[in-house]
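Peer 1: could you look at this predicted model? Sequence included:
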Amino acid sequence: MSTSNENGPVIEFRKVAFRFAGGQELLKELNLQVRRGETLVLLGRSGSGKTTTLKLINDLVAPSEGEVLVEGRATTQWDPIRLRRGIGYVIQDAGLFPHFTVERNVALVPTIEEWPSDRIRKRVSELLQLVGLDAGLANRYPRELSGGQRQRVGVARGLAADPPILLMDEPFGALDPITRAELQREFLALQQRLQKTVVFVTHDLREALLLGTRIALMEAGRLVVALPSREFTKSSDPLVQQYLDAFGARSNGDRT
Amino acid sequence: MNVFQFIVQNHGEVLKLTREHLWMVAASMLLAVLIGIPLGILITRKPGLNKPVLGVANIIQTIPSLALFGFLLPVPWIGARSDRLAILALTLYALLPLIRNTYAGISGVDRSVVEAGRGMGMTDRQLLFQVELPLAQVGWANTFFAESRW
């Protein structure tokens, strides 16, 4: 993906609304910018519009009003295939292809991008190592893996073609707490090295505070606030307070 | 005279008719697959066509075979030879299960898997051939078992 504006926002929502054909409104008047190299967490309860916001970025849904700019260009102006291949996509339960081996799953984007096969093989083993998976798992099928392993494969697949942007939709939501903590730690270490622009969807406040450089709280299709993680717990916004209360984290600056 | 004696005495005729039967089944199956599977795929892409296509295939299915022959007999080229007639009738009867099971098979593929593929930049064609059709295979196996008519 070409980078036309090094310093401008990588992703920008301009007065975006989204509604279904039936008229039900999922997003209203969304203005938001995502800067290069940051991890922006979209936090909110179920149905608040986080996932829809994420899908607007890779054009899985198109805005009903306003526009979403990626690298300075509206998603509707992009060739959707080119746009999506430049954006890593990791979803809950990994969304792995059950009939593909781990190797073929990870190699998906390089394969459809028609990389030479020896380059693909090299890249796959590099990625498995990067996400902490044994090379011996390459020929296994997703059903033969644990939930944590599947999710690692999902992350490796998202990173395969080295996209500058990574979209993650509750990637660790289906994991047990111990495995989740492990993957969160590894994600932080990985992000420190790779410096991707990440948009991360979660309903878990602790996860948001741990992983996000900025947190955008959403409620009923609206953006409530977007604040650096450090300032988020200090916000006096009633909806933020309500969220902090729900997680028992009201005292200022408390990160656990 | 039991069945075996009959077959032995008329083996030439039995063999000839068996060959004819196999040819008609193979031809009609091929035709039905060539028409039914693309139609089944089409209605997963254009939901508006779903009802009309399945409706027509359903109506064909309800026509008794004797009546269907009655309809087809006057049709110029088709009615001229009995094997053409039989092949067309078998093709028409095979359409509904093929269309329906192709449709059901593809619709039954886990949406999150398809959306993951789409989100990573697979084209519609790649999704169809690499994800939807391979994962819809179970539905197809059912089609062929369901076709006891053959």
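Peer 2: Here it is on my side, so go on.
Peer 1: where does the residue nearest the centre of chain A land in three-state SS?
Peer 2: Of all residues in chain A, the one closest to the mean position by C-alpha atoms, centre = their mean is A:M168, 2.1 Å from it. Using DSSP: H, G, I helix; E, B strand; the rest coil, the structure places A:M168 in strand.
Peer 1: so for residue 122, what's the pLDDT?
Peer 2: Reading this off chain A. Here the pLDDT value assigned to A:K122 is 94.
Peer 1: hm, I was asking about chain B
Peer 2: Reported pLDDT at B:M122 in the predicted model: 95.
Peer 1: ok, it - contacts?
Peer 2: For B:M122, the contact set (C-beta atoms under 8 Å, 6 or more residues apart in numbering or on different chains) comprises A:108, A:112, B:130-131. Quick note: C-beta positions are derived from backbone N, CA and C, even for glycine.
Peer 1: go again with 10 Å.
Peer 2: Neighbour list for B:M122: A:81, A:84-85, A:108-109, A:111-112, B:114, B:116, B:128-131 [criterion: C-beta atoms under 10 Å, 6 or more residues apart in numbering or on different chains].
Peer 1: rebuild the residues you listed as CSV, extending it with neighbour count and pLDDT.
Peer 2: CSV is the format used below for the contacts of B:M122 (neighbours: other C-beta atoms under 10 Å in any protein chain shown; pLDDT from 0 to 100):
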residue, neighbour count, pLDDT
A:I81, 17, 94
A:R84, 25, 95
A:R85, 21, 94
A:L108, 24, 94
A:V109, 25, 94
A:T111, 18, 94
A:I112, 18, 93
B:V114, 19, 92
B:A116, 26, 93
B:L128, 18, 91
B:F129, 12, 90
B:Q130, 20, 91
B:V131, 23, 91
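Peer 1: out of the residues you listed, who's nearest B:L85?
Peer 2: Nearest to B:L85 out of the contacts of B:M122 is B:L128 (C-beta to C-beta; 34.6 Å).
Peer 1: excluding covalently adjacent residues, which one is nearest to the closest one?
Peer 2: Using C-beta to C-beta, 6 or more residues apart in numbering or on different chains and skipping the chain neighbours, the partner closest in space to B:L128 is B:I41 (6.8 Å).
Peer 1: and the one you found, backbone torsions?
Peer 2: Phi and psi for B:I41, reported as degrees, to the nearest 10, are phi -70, psi -40.
Peer 1: pretty sure it sits against B:L127.
Peer 2: No. B:I41 lies out of contact with B:L127 (C-beta atoms under 10 Å); the separation is 11.3 Å.
Peer 1: model confidence over the strand or helix carrying B:L30, on average?
Peer 2: Assessed by DSSP states H and E, B:L30 sits inside helix B:11-45. Across helix B:11-45, the average pLDDT comes to 91.
Peer 1: count of neighbours near A:R36?
Peer 2: Other residues within reach of A:R36, judged by other C-beta atoms under 10 Å in any protein chain shown, total 18.
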